[in-house]
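Engineer: Coordinates only, no sequence provided:
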């Protein structure tokens with residue numbers, strides 16, 4: 001395979017991808033709904049269903065797959081350590097961000113998110129295709145780095161300990177109704193103690209093809225809510241889908257971040273978890 005130094009950051013504009021389309025070391029991954037992908041997608045993009053990103057547990061939806069599951073994801077994507085993976089979806093970046101988080105967890109960081117996804121691609125008038133991409137099978141697949149997982153995720157016991165010690169920042173990305181406990185999506189409603197609320201889609205500009213608002217604007221809003229971007233943060237939602245975009249935003253802000261992937265589906269389904277309901281964290 002021909003070596004190529006992809007000059008692509010974690011967040012790219014649709015136009016930045018054009019010079020690289022069709023390169024054998026570029027893997028474009030579409031996490032849109034299947035009906036959208038079948039109608040049109042970025043040329044050479046492969047379709048990936050979100051089910052490949054998550055594993056189910058008794059009390060939790062959306063947890064990171066085990067080592068075998070992650071290796072299965074690598075085989076599905078068919079990527080080597082030399083590949084660069086560009087991801088997008090049709091919802092503003094949540095599922096796309098979740099895939100990037102999964103890849104970071106297994107030790108692969110050659111990743112980019114298309115700002116605005118397919119909506120921004122179409123808004124820019126760029127070419128689309130309805131053909132299904134068939135790539136040559138890669139022999140030297142990426143290997144899972146089990147050490148990388150702990151750098152990007154946090155599990156219940158460790159999170160509970162830090163919550164009890166009041167030494168952790170939590171970003172709750174769910175809706176206001178979920179955060180306050182008005183809407184139940186688990187056995188119990190509310191939020192993790194000390195969690196601050198900033199709904200994931202607030203970072204998106206619906207007037208501009210679901211692209212992210214300017215990062216400085218989002219940074220100011222987060223700081224106004226009480227977040228300290230110099231201190232680590234844990235992002236969570238119901239199943240680490242919506243918080244997939246929050247993870248990307250934090251990385252773009254150079255904000256140390258981990259994800260609680262078991263999320264509210266675990267915390268809210270457990271009967272022994274400390275929970276706060278109502279407006280204010282305490």
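Structural biologist: That came in fine, so what should we check first? Just so you know, these numbers come straight off a predicted model, no measurement behind them. Residues are numbered from 1 along each chain as shown.

Engineer: alpha carbons only for contacts and neighbour counts from here, please
Structural biologist: Will do.

Engineer: Can you check the pLDDT for the nearest residue to residue 211 once chain neighbours are set aside?
Structural biologist: What sits nearest to residue 211 in space, not counting adjacent residues and going by CA to CA, 6 or more residues apart in numbering, is residue 116, at 3.9 Å. With respect to pLDDT, residue 116 scores 98.

Engineer: Let me know the secondary structure of residue 217.
Structural biologist: Using DSSP: H, G, I helix; E, B strand; the rest coil, the structure places residue 217 in helix.

Engineer: pLDDT wise, what is it at?
Structural biologist: pLDDT, residue 217: 98.

Engineer: Then residue 138?
Structural biologist: So residue 138 comes in at 94 (pLDDT).

Engineer: wouldn't it be in contact with residue 79 here?
Structural biologist: Yes. Counting by CA atoms under 8 Å, residue 79 is a contact partner of residue 138 at 6.5 Å.

Engineer: Look at these two and report which has more neighbours.
Structural biologist: residue 79 (23 against 13; other CA atoms under 10 Å).

Engineer: The more buried one - nearest residue in space that isn't next to it in sequence?
Structural biologist: residue 141 (5.6 Å).

Engineer: for residue 38, same thing?
Structural biologist: Closest to residue 38 by CA to CA, 6+ apart is residue 130, at 5.9 Å.

Engineer: Kindly tell me how buried the one you found is, as a neighbour count.
Structural biologist: 15.

Engineer: In this protein, what residue spans correspond to strands?
Structural biologist: Secondary structure of the chain (DSSP state E): strands at 11-12, 26-30, 46-47, 84-88, 111-114, 169-172, 195-197, 204-205, 211-212, 233-236, 257-259.

Engineer: Show the contacting residues for residue 126.
Structural biologist: Shown in contact with residue 126 (CA atoms under 8 Å, 6 or more residues apart in numbering): residue 15.

Engineer: what's the spacing between it and residue 13?
Structural biologist: Residue 126 is 12 Å from residue 13, where distance means CA to CA, to the nearest Å.

Engineer: go on, residue 202?
Structural biologist: 19 Å.

Engineer: Comparing these two, which shows the higher neighbour count?
Structural biologist: More crowded of residue 202 and residue 13, by other CA under 10 Å: residue 13, with 19 against 13.

Engineer: That one touches residue 115, doesn't it?
Structural biologist: Yes. Using CA under 8 Å, residue 13 is in contact with residue 115, at 5.4 Å.

Engineer: Compute the number of surrounding residues for residue 76.
Structural biologist: Residues lying near residue 76 (other CA under 10 Å) number 12.

Engineer: nope, residue 131 is what I was after
Structural biologist: 16.

Engineer: and what of the one 10 residues further on?
Structural biologist: Summarising burial for residue 141: neighbours were counted as other CA under 10 Å, giving 17.

Engineer: Next, give phi and psi for it.
Structural biologist: phi -70, psi 150 (degrees, to the nearest 10).

Engineer: Quick check: it touching residue 80?
Structural biologist: Yes. Assessed by CA under 8 Å, residue 141 is found in contact with residue 80 at 4.3 Å.

Engineer: Mind listing the shared neighbours of these two?
Structural biologist: With CA under 8 Å, 6+ apart as the test, residue 141 and residue 80 reach no residue in common.

Engineer: where's residue 239 relative to residue 263, distance?
Structural biologist: 5 Å.

Engineer: Which one of the two is surrounded by more residues?
Structural biologist: Between residue 239 and residue 263, residue 263 has the larger neighbour count (other CA under 10 Å), namely 26 against 22.
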